[in-house]
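>>> Show me how the following folds:
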Amino acid sequence: MIQLRKNLFRIAALMLTIACSFAFFSACARSESSVIVAGSTSVQPFAERLAAAYEAETGNSVDIQGGGSSAGLRAVRGNIADIGMSSRLLSAAELEEFNWVKEIAKDGLAVIVHPQNPILKKTGANSLNLSLAQIRGIYSGDITNWAALGGNSADIICVSRESGSGTRSAFEEMVMKEDETQHWITPRIITLNSNGAIRMYVSISPNSIGFISLGLVHISGSAPVSAVAIDGVDASPANVRNDTYRLARSFLFVSKYEPVGYALRFADFVFSDAGQRVLYDEGLVTEKDFASGD
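Numbering: from 1, shown residues only. So this is what the prediction gives:
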């Protein structure tokens, strides 16, 4: 009886070892072809479209994760992600650390309001035009009521991304900086942690104003928001391309070294005509203008 128990114990131990070994090698097999891309929530929805198109073409999947530009760089630094996504320029120190930095497309930074914004409601206009100085005044807290800008009297609700977000960093650099003077965003704001959350909030709040990726302004099936023209220039991909719209930024893929293996295959797809066409169709500004064939 004792010997039988010993034999059963040995068999159980052997089976457990085999199971563990199988799980280990299965995990290795999965990790060999798995690609993780993490970072900017501005870039994330476009990367998800790229991943879907890439999987449809090759059968290989790519795991796209958000978290913000800085979080994406940390994920690459810690070997958690193969590629980081950034919607802000890298610092000098980061450029020394990350040797592979590629622009996948350009994007406009759109300032958005509700279609029934107090100015639009009073004037009956279809779109809102504000100067860069007026937007700066709103976000610095100097302008707090829509009546000061020609609208019905209503307190302005400012919505912003969190500190460290690539979208917020771009807004602070392009809007809140006046010549050499840096103005700061008022603490009396609503802070949300994604472009999608800001878009949703503004779409249901007539007195609010926010800023998101231009490519996310028009989303089929979602409540509409209105992009603000700045100093008379509409927020559009065409105006980003011709450099007349001032709030434009680069969407970046970042890694410590040039990607290899499956990560390289995905990167090659992103920069191919097929990948760039995906981004173009989603409203981003690619190097190639597919409308003109250039």
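>>> Scan the chain for its longest strand.
strand 100-113 (DSSP state E).
>>> Could you pull up phi and psi at Asn145?
phi -130, psi 140 (degrees, to the nearest 10).
>>> Return the residues in contact with the residue nearest in space to the middle of the chain.
Residue closest to the average C-alpha location in the chain (CA atoms, centre = their mean): Ser42, at 1.2 Å. Residues near Ser42 by CB atoms under 8 Å, 6 or more residues apart in numbering: 87, 107, 166-167, 195, 212-213, 216, 251. C-beta: built from backbone N, CA, C; applies to glycine.
>>> which among the residues you listed gets closest to Arg241?
Nearest to Arg241 among the contacts of Ser42: Asp107, at 11.3 Å, using CB to CB.
>>> Just grab the bridge partners of that closest one for me.
Arg249 (DSSP bridges).
>>> who's in contact with it?
Each residue near Asp107 by CB under 8 Å, 6+ apart is listed here: 42, 87, 213-215, 240, 248-251, 284-285.
>>> Among these, which are located in helices?
Applying DSSP state H to those, the entries found in helices are Val240.
>>> Kindly give a single PyMOL line that selects the buried subset of the contacts of Asp107.
Only the buried entries of the contacts of Asp107 go into this PyMOL selection, using 16 or more other CB atoms under 10 Å:
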select buried, resi 42+87+213+214+215+240+248+249+250+251+284+285
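>>> In a markdown table, list the contacts of Asp107 along with distance to Cys158 and pLDDT.
Shown next, in a markdown table, are the contacts of Asp107 (distance: CB to CB, whole Å; pLDDT from 0 to 100):
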| residue | distance to Cys158 | pLDDT |
| --- | --- | --- |
| Ser42 | 19 | 88 |
| Ser87 | 20 | 91 |
| Ser213 | 18 | 90 |
| Leu214 | 19 | 92 |
| Gly215 | 22 | 88 |
| Val240 | 24 | 92 |
| Ala248 | 22 | 92 |
| Arg249 | 20 | 90 |
| Ser250 | 25 | 92 |
| Phe251 | 25 | 95 |
| Leu284 | 26 | 90 |
| Val285 | 27 | 90 |
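>>> Make a markdown table from the contacts of Asp107 and add distance to Ile156 to it.
Conversion of the contacts of Asp107 to a markdown table gives the following (distance: CB to CB, whole Å):
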| residue | distance to Ile156 |
| --- | --- |
| Ser42 | 23 |
| Ser87 | 25 |
| Ser213 | 22 |
| Leu214 | 22 |
| Gly215 | 25 |
| Val240 | 26 |
| Ala248 | 25 |
| Arg249 | 24 |
| Ser250 | 30 |
| Phe251 | 29 |
| Leu284 | 29 |
| Val285 | 30 |
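>>> ok, which stretches of the stretch 101-250 of the chain are helices?
For the stretch 101-250 of the chain, the helices defined by DSSP state H, counting those that start in this stretch cover 118-123, 132-140, 166-174, 195-204, 237-241.
>>> tell me what the longest one is packed against?
Under the contact definition 3 or more CB pairs under 8 Å, 6 or more residues apart in numbering; DSSP states H and E, helix 195-204 sits against strand 100-113, strand 157-161, strand 190-192, strand 208-213.
>>> Now do that helix, average pLDDT.
Averaged across helix 195-204, the pLDDT comes to 96.
>>> Quick check: buried residues in that helix?
Buried residues in helix 195-204, counting neighbours by 16+ other CB under 10 Å, are found at 195-203.
>>> Could you do the shortest one as well?
For helix 237-241, burial by neighbour count (16+ other CB under 10 Å) applies to 237, 239-241.
>>> Ok, the third one next?
Of the residues in helix 166-174, 166-172 count as buried by neighbour count, 16+ other CB under 10 Å.
>>> Let's see that helix as PDB, backbone CA atoms only.
Output in PDB follows, covering the C-alpha atoms of helix 166-174 (Å, rounded to 0.1, in the frame of the first residue of the first chain):
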ATOM      1  CA  GLY A 166       1.100  63.700 -24.600                       C
ATOM      2  CA  THR A 167      -2.000  65.500 -25.600                       C
ATOM      3  CA  ARG A 168      -1.800  67.800 -22.700                       C
ATOM      4  CA  SER A 169       2.000  68.400 -23.200                       C
ATOM      5  CA  ALA A 170       1.300  69.300 -26.800                       C
ATOM      6  CA  PHE A 171      -1.500  71.700 -25.800                       C
ATOM      7  CA  GLU A 172       0.700  73.400 -23.200                       C
ATOM      8  CA  GLU A 173       3.400  73.800 -25.800                       C
ATOM      9  CA  MET A 174       1.300  75.000 -28.700                       C
END
